[in-house]
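[1] Kindly return the folded structure for what I paste below:
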Amino acid sequence: MFMPRLAAAVLALSGFACASQEPPSASVSARPGVQTQAAERGRRLAAGTCVSCHAIGPAGASPMAQATPFREIVHRYPLDQLEEAFAEGLVTGHPAMPAFVFRASEIDDLIAYLETVKAEQ
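    Numbers count the residues shown, from 1 in each chain. Sure thing, here's the model as predicted:
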């Protein structure tokens with residue numbers, strides 16, 4: 001009688017473990033609060049890194065005329081391509097754009113923020 005219960009418990013736990021091992025992106029997108037926090041971190045990163053050249057919000061001109069506003073970039077390029085460009089080291093853009101290398105967590109945050117910029121349009 002003890003063995004069937006033990007076996008059932010082990011099966012239930014192993015099923016739970018498998019079910020909870022989702023890819024990180026799926027679990028993040030399923031939790032809106034986490035996505036909101038990532039977008040806010042991405043906004044702060046853009047405000048500290050990009051805003052001197054680019055308009056990063058839903059309105060306004062870029063401080064540097066050659067620097068495309070984020071609200072236009074998100075419609076010109078699929079976000080997965082931007083994510084790949086960030087991962088490889090962003091070296092293209094306007095002539096004065098410095099080469100950027102972002103950590104994976106920063107890329108996730110920037111993409112989360114760019115998703116909010118795209119949604120505002």
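
[2] May I have the secondary structure class of residue 97?
    What DSSP: H, G, I helix; E, B strand; the rest coil gives for residue 97 is coil.

[3] count of residues packed around the closest residue to it other than its chain neighbours?
    Leaving aside its chain neighbours, residue 97 sits nearest to residue 53 (6.9 Å; criterion: CB to CB, 6 or more residues apart in numbering). Bear in mind the C-beta positions are built from the backbone N, C-alpha and C, glycine included. As a burial measure, residue 53 scores 19 neighbours (other CB atoms under 10 Å).

[4] can you pull the contacts of residue 53?
    Contacts for residue 53 (CB atoms under 8 Å, 6 or more residues apart in numbering) come out as 62-64, 67, 94, 96-97.

[5] for the residues you listed, which one is nearest residue 48?
    Minimum distance to residue 48 across these is 14.2 Å, recorded for residue 63 (CB to CB).

[6] hang on, residue 89 packs against residue 99?
    Yes. With contact defined as CB atoms under 8 Å, residue 89 counts as touching residue 99 (6.1 Å).

[7] Quote the end-to-end distance of stretch 45-61.
    Start and end residues of stretch 45-61 are separated by 19 Å (CA to CA, to the nearest Å).

[8] contacting residues for residue 38?
    Contacts of residue 38 by CB under 8 Å, 6+ apart are 28, 108-109, 112-113.

[9] Number of residues surrounding the residue lying closest to it once chain neighbours are set aside?
    Leaving out its chain neighbours, the residue that sits closest to residue 38 by CB to CB, 6+ apart is residue 112, at 3.8 Å. Residues lying near residue 112 (other CB under 10 Å) number 22.

[10] which other residues reach the helix or strand where residue 112 lies?
    Per DSSP states H and E: residue 112 is located in helix 104-119. For helix 104-119, the surrounding residues in contact (CB under 8 Å, 6+ apart) are 28, 35, 38-43, 45-46, 56-58, 70-71, 73-75, 79, 82-83, 86-87, 102.
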